[in-house]
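Novice: pasting the structure only:
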């Protein structure tokens with residue numbers, strides 16, 4: 001579980017749109033692979049003030065593969081956000097402040113408590129991810145946001161592989177105020193694709209699946225904002241088995257498509273060229289390609 005450069009930039013992109021504040025919850029203690037100088041550069045790129053340059057050294061996460069000192073997840077969030085940071089985990093082996101199995105019912109004391117919840121690869125490592133995502137949703141306050149990063153294909157260490165559709169359908173059926181879903185393709189230079197299920201065939205609006213055909217390791221990053229009328233425990237039905245019942249999936253796809261929240265575009269790379277979709281139904285559109293660093297922008301003019 002962790003926060004790498006892509007996830008860090010996704011978080012800062014959202015923070016630039018709607019500042020993170022209040023209570024932040026991480027699902028498990030996160031290993032931060034972003035170095036202080038890299039974080040400072042990202043904050044500058046997003047024109048965000050750095051609130052603190054004091055970084056606590058991470059001495060609790062046990063799965064780090066790096067050989068130099070890293071900041072804690074709390075230090076990462078506190079460097080730019082006015083917030084408190086806690087972790088929830090099945091045990092306190094990495095110093096989680098809240099010990100709870102997110103696959104089990106959430107006590108009332110944890111419901112509607114958090115303003116921002118970050119999962120850096122937990123749902124793909126639990127036996128019952130549907131119950132777990134419902135629990136995380138119930139822990140979120142109305143107006144709060146979830147940002148989830150989990151594997152969806154090609155990664156042997158994942159316990160389960162969850163498609164982009166799985167996230168979109170859950171948040172749509174539970175009437176979330178907004179939902180943005182991305183596929184990160186981990187090539188030599190990663191690429192990010194935006195999943196938009198809203199399609200038009202013969203003038204008719206429809207709702208289509210992602211149908212990701214990439215042979216590379218891929219992960220889903222989902223950003224969802226809870227509304228005042230959102231629920232948490234309604235199970236979605238896969239597209240092919242809805243028996244013609246397209247609501248509220250289609251209405252919410254239209255709402256999310258027209259949302260004022262900007263689609264992620266990295267400020268550290270150039271805008272990508274038009275590229276053939278990796279989706280059979282053309283529902284995945286390339287929005288970021290790290291093969292074109294922004295540092296080349298000046299020389300290309």
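Specialist: Received it, and whenever you're ready, just let me know what you need. Quantities reported herein were computed from a predicted structural model and do not represent experimental measurements.
Novice: elements contacting the biggest strand by length in the chain?
Specialist: Identified as the longest strand of the chain according to DSSP state E is strand 140-153. In terms of contacts (3 or more CB pairs under 8 Å, 6 or more residues apart in numbering; DSSP states H and E), strand 140-153 is packed against helix 5-17, strand 114-119, helix 129-139, strand 217-225. Any C-beta I mention is one placed from the backbone N, CA and C, and that applies to glycine too.
Novice: could you redo the last one with a cut-off of 10 Å?
Specialist: With contacts taken as 3 or more CB pairs under 10 Å, 6 or more residues apart in numbering; DSSP states H and E, strand 140-153 sits against helix 5-17, strand 21-27, strand 114-119, helix 129-139, helix 164-173, strand 178-186, strand 217-225.
Novice: And the fourth one, what does it pack against?
Specialist: Identification of packing neighbours for helix 129-139 by 3+ CB pairs under 10 Å, 6+ apart yields strand 21-27, strand 82-89, strand 114-119, strand 140-153, helix 164-173, strand 217-225.
Novice: What pairs with the shortest one, parallel or antiparallel?
Specialist: It refers to strand 114-119. Each strand paired with strand 114-119, and its direction, by DSSP bridges: strand 21-27 (parallel), strand 140-153 (parallel).
Novice: Below-threshold pLDDT in the stretch 151-300 of the chain: ranges please.
Specialist: Across the stretch 151-300 of the chain, the ranges flagged by pLDDT under 70 are 294-300.
Novice: where do the strands sit along it?
Specialist: Secondary structure of the stretch 151-300 of the chain (DSSP state E, counting those that start in this stretch): strands located at 178-186, 191-195, 198-201, 204-207, 217-225, 284-289.
Novice: quick one on the thing from earlier: closest one to residue 207 among the helices and strands packed on helix 129-139?
Specialist: Closest approach to residue 207 among these is made by helix 164-173 (8.7 Å; CB to CB).
Novice: how far off strand 217-225 does that closest one point, in degrees?
Specialist: Orientation of helix 164-173 against strand 217-225 (axes from the mean of the first three to the mean of the last three CA atoms, to 10 degrees) gives an angle of 10 degrees.
Novice: Give me the neighbour count for the residue lying closest to residue 86 once chain neighbours are set aside.
Specialist: Nearest residue to residue 86, sequence neighbours excluded (CB to CB, 6 or more residues apart in numbering): residue 97, at 4.3 Å. For residue 97, the neighbour count with other CB atoms under 10 Å is 14.
Novice: Go ahead and confirm residue 97 touches residue 60.
Specialist: No: here residue 97 does not reach residue 60: they are 11.4 Å apart, not a contact under CB atoms under 10 Å.
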